[in-house]
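Undergrad: just to be clear, the model below is a prediction. Sequence and coordinates:
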Amino acid sequence: MNKKQIIESVTSYLEPILNENDYELVDVEFVKEGPSFYLRIYIDKEGGITIEDCRKTSRAIEAVLDEKDPIETPYVLEVSSPGLDRILKKDKDFERFKGAMVDVKLYEALDKRKQFTAKLLEKTSEHLLIEDEGHQIEVQMKNVAVVRLAIMF
């Protein structure tokens, strides 16, 4: 199985486990770091995820993965919350955090800048609308490398 197929399989196995516990699947990653592969599952729920939530999900998905065995390569399973600086990927993420401050990184510079910390106004399939120092900026989504919640001090 390739990386995309692994992620799709794991996601399909996760859905009933997460639905049963009212958890939201934020993301699934299968990455190689150094000599090891990691299967990372990010979950969330209203009020935030606890260590016990991660442990419970890890044990449940571990049992399913042992039975189905979709990943031939040895890997490390990690289940965690998306963190304070979570990446926004899905449309519902952008809707949920509309009005929040976000860090936006671009592939190509816009107004001589490739990074913005700005207020998230709107996201469509084609554009991201942010407000930076009172100025609205429209960015083409194909130029957006990553959008994550900003941590403000």
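TA: That came through, no problem.
Undergrad: if I look at the residue nearest to the spatial centre of the chain, how far off is Q140?
TA: Taking CA atoms, centre = their mean, the centroid of the chain lies closest to D27, which sits 4.3 Å from it. Applying CB to CB, to the nearest Å, the value for D27 to Q140 is 23 Å. To be clear about C-beta, it is placed using only N, CA and C from the backbone, and glycine gets the same treatment.
Undergrad: over to A60?
TA: In terms of CB to CB, A60 sits 40 Å off from Q140.
Undergrad: what of T124?
TA: T124 sits 10 Å away from Q140, taking CB to CB as the criterion.
Undergrad: neighbour count for A60 and Q140, which is higher?
TA: Taking other CB atoms under 10 Å, A60 and Q140 do not tie; A60 has more neighbours (18 against 13).
Undergrad: can I assume that one sits in a strand?
TA: No: counting by DSSP: H, G, I helix; E, B strand; the rest coil, one finds A60 to be helix, located in no strand.
Undergrad: what is the neighbour count of the closest residue in space to it that isn't next to it in sequence?
TA: Among residues not flanking A60 along the chain, I17 sits closest, at 4.6 Å (CB to CB, 6 or more residues apart in numbering). For I17, the neighbour count with other CB under 10 Å is 19.
Undergrad: ok, now N19?
TA: Neighbour count for N19, taken as other CB under 10 Å: 11.
Undergrad: V26 too?
TA: Around V26 there are 20 other residues, counting by other CB under 10 Å.
Undergrad: where does it land on pLDDT?
TA: V26 carries a pLDDT value of 92.
Undergrad: now do the strands in the protein.
TA: Taking DSSP state E as the test, the strands found in the chain are 24-33, 36-44, 75-80, 101-110, 113-123, 127-132, 135-140, 144-149.
Undergrad: so L77 bridges to which residues?
TA: Following DSSP bridges, L77 is listed with bridge partners L39.
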